[in-house]
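**Q** take this sequence and fold it.
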Amino acid sequence: MSQVDQWIADMYPDPAKMPGVVSRYLESPPIRIGNGAVALDIADALHESPSFIDPASVFLTVEDPPQEYIIPEITPRGVLKISHGDPRTMKSLSAMEGVVAAGTGTPAFGLERFRPPRSFKCLYCSQEDAASRVRPRVNGLLKARGITTAPDTLNFAVYKGIDFDNPEWHDRFVESVLGNGFENVTIDPARGFTEHADAGPKEVIKLAKFFRRLTVHGITVHVVHHDTKPPSSGADARRRSHRASGGGWFSVSECPVSFEKIGERQSLVSPEDYKFSADPQPFTIEYHEDESGIWLVGENTTSADAATLAIDEAVLTHLSEHPGASGNGIIKSIRKNRDNVLQSLERLFKADKVDYLEGPRKSKLWSLRTGLKTSEDH
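**A** Prediction:
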């Protein structure tokens, strides 16, 4: 029996008279997790401890277990992860893919590097897409894996009125997650659960503190969110991880992941600025669906290739909407670095994807090659 358990037995020999905080501790004791967080002893929770300070002889002798991953590289345990991007970049579908992969122990995005070490108990919460839209997607992802029986590890809370701005929901949500033993919780999207998702750091930090009530127990909280619009003038020099809407999301998230559309049914996924590890290698995902299921097919790429794919798609999308645009017009509109845009136009010209006519003062007026389709056409 541990010292804490012995202290509880001595203080409360009659379990019926035991305070709620003690009984909750016994039912779901805090655990130590790989990122260094250490849960408080029950004595601290009851304010019986004479000090909140650990001497070095105690603090430094704790042996932390190695960091465990739900999905290797991209989803550690006990962290706050945020997937962000513009609308229609497959953020939500990718979040479902991650939940299905974690719940079934199968590779995410069909990539062996993303094979979970085991099955994890997952909760997917959505207040954007109705249940009638979520069900066929999840069934399609399972069907593509050859799974026809609903796994007990997958759980859903779709349009259940969850409100993170209501303190009563804080306690109810935390108790439900701990009580059911969930290890991976997805919130899709943040705006569906709180009106403060796009607010400044003061409000975002309050949300993060609420989520820490789960991460301190080794539970991963995965939040799906949107990007802010780029600056109204000049090149957009922000790092991908700084584009999430609302001040503070970058600072509170250990694992920011950016989504950018690069094709008709393709997106670029860039894990960037990870807090406890080197940034995972970026990859692309492509949507496929037929009678045998739904697939998000992943393909590894490099950081350099990722930057090229993103700017080429931005140029092609602009030209699909504004044929005959000048180079300067494209640069001002998509707010990318001048040299990068000109290099993209040259690259796309050599690939027979764009063409130009001579304009005034020897300028080049760019358009898509006849018959070329972009992601915006679908």
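
**Q** low-confidence ranges, the stretch 151-300 of the chain, go.
**A** Along the stretch 151-300 of the chain, segments meeting pLDDT under 70 span 228-247.

**Q** please repeat the previous calculation with a cut-off of 80.
**A** 227-247 (pLDDT under 80).

**Q** just the helices in it please.
**A** 167-180, 201-215, 249-252 (DSSP state H, counting those that start in this stretch).

**Q** residues of the first one that come out buried?
**A** Within helix 167-180, the residues scored as buried using 16 or more other CB atoms under 10 Å are 169, 173-174, 177-178. C-beta: built from backbone N, CA, C; applies to glycine.

**Q** dump the helices of the stretch 151-300 of the chain into JSON lines; add distance to Val134 as well.
**A** Shown next, in JSON lines, are those (distance: least, CB to CB, whole Å):
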{"stretch": "helix 167-180", "distance to Val134": "19"}
{"stretch": "helix 201-215", "distance to Val134": "22"}
{"stretch": "helix 249-252", "distance to Val134": "24"}
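
**Q** looking at the ones you listed, which is nearest to Pro87?
**A** Pro87 lies closest, by CB to CB, to one member of the helices of the stretch 151-300 of the chain: helix 249-252, at 17.0 Å.

**Q** and that closest one, what's buried?
**A** Taking 16+ other CB under 10 Å as the criterion, helix 249-252 shows 249-250, 252 as buried.

**Q** convert that helix to PDB, retaining C-alpha atoms only.
**A** This file holds the C-alpha atoms of helix 249-252, laid out as PDB (Å, rounded to 0.1, in the frame of the first residue of the first chain):
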ATOM      1  CA  TRP A 249      -3.400  28.400 -29.700                       C
ATOM      2  CA  PHE A 250       0.200  28.100 -30.900                       C
ATOM      3  CA  SER A 251       1.600  28.700 -27.500                       C
ATOM      4  CA  VAL A 252      -0.700  26.200 -25.700                       C
END
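
**Q** now that helix, how far from the chain's geometric center?
**A** When distances are taken as CA atoms, centre = their mean, to the nearest Å, helix 249-252 is centred 12 Å away from the chain's centroid.

**Q** and stretch 322-332, by the same measure?
**A** Here stretch 322-332 shows a centroid-to-chain-centroid distance of 34 Å under the convention CA atoms, centre = their mean.

**Q** do stretch 100-119 as well
**A** The chain centre lies 16 Å from the centre of stretch 100-119; the measure is CA atoms, centre = their mean.

**Q** quote the end-to-end distance of it.
**A** 10 Å (CA to CA, to the nearest Å).

**Q** residues contacting Lys160?
**A** 125, 127 (CB atoms under 8 Å, 6 or more residues apart in numbering).

**Q** count the neighbours of Gln67 for me.
**A** Around Gln67 there are 15 other residues, counting by other CB atoms under 10 Å.

**Q** for it, helix, strand, or coil?
**A** coil (DSSP: H, G, I helix; E, B strand; the rest coil).

**Q** so it makes contact with Val79?
**A** No: counting by CB atoms under 8 Å, Gln67 sits too far from Val79 to count as a contact (9.1 Å).

**Q** between the buried residues of helix 167-180, which is closest to Gly98?
**A** Among those, and counting by CB to CB, the member closest to Gly98 is Val177, at 17.1 Å.

**Q** what about the strands in this structure?
**A** 69-71, 75-76, 80-85, 122-126, 154-158, 184-188, 220-226, 255-263, 266-271, 283-290, 293-300, 325-326, 354-358, 364-368 (DSSP state E).

**Q** would TSV of the ones you listed with distance to Thr61 be doable?
**A** Formatted as TSV, the strands of the chain follow (distance: least, CB to CB, whole Å):
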stretch	distance to Thr61
strand 69-71	26
strand 75-76	24
strand 80-85	28
strand 122-126	34
strand 154-158	38
strand 184-188	31
strand 220-226	27
strand 255-263	29
strand 266-271	33
strand 283-290	40
strand 293-300	41
strand 325-326	65
strand 354-358	63
strand 364-368	65
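
**Q** adding mean neighbour count and distance to Val58, write these out as TSV.
**A** Output for these, formatted as TSV (neighbours: other CB atoms under 10 Å; distance: least, CB to CB, whole Å):
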stretch	mean neighbour count	distance to Val58
strand 69-71	24	28
strand 75-76	24	26
strand 80-85	25	27
strand 122-126	23	35
strand 154-158	18	38
strand 184-188	25	31
strand 220-226	24	28
strand 255-263	25	30
strand 266-271	24	35
strand 283-290	17	43
strand 293-300	18	44
strand 325-326	18	65
strand 354-358	15	65
strand 364-368	18	66
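
**Q** tell me the contacts of the residue found closest to Arg118 once you drop the neighbours it is linked to in the chain?
**A** Distances taken as CB to CB, 6 or more residues apart in numbering place Gly105 nearest to Arg118, at 5.7 Å, with adjacent residues excluded. By CB under 8 Å, 6+ apart, the contact list for Gly105 reads 115-119.

**Q** which residues does the spatially most central residue of the chain bridge with?
**A** Residue closest to the average C-alpha location in the chain (CA atoms, centre = their mean): Ser83, at 2.8 Å. Taking DSSP bridges as the rule, Ser83 bridges to Val224, Val257.

**Q** contact partners for it?
**A** 91, 94-95, 222-225, 257, 259.

**Q** what's the spacing between it and Pro189?
**A** Remark: distance between Ser83 and Pro189 (CB to CB, to the nearest Å) = 9 Å.

**Q** okay, and the common contacts of these two?
**A** Common neighbours of Ser83 and Pro189 (CB under 8 Å, 6+ apart) are 91, 223-225.

**Q** so what's the residue count around Ser132?
**A** 8.

**Q** hang on, the earlier thing: any chance of TSV for the contacts of Ser83, columns distance to Leu214?
**A** Converted to TSV, these look like this (distance: CB to CB, whole Å):
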residue	distance to Leu214
Lys91	21
Ser94	21
Ala95	17
His222	11
Val223	12
Val224	16
His225	17
Val257	19
Phe259	24
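
**Q** sounds good, over and out.
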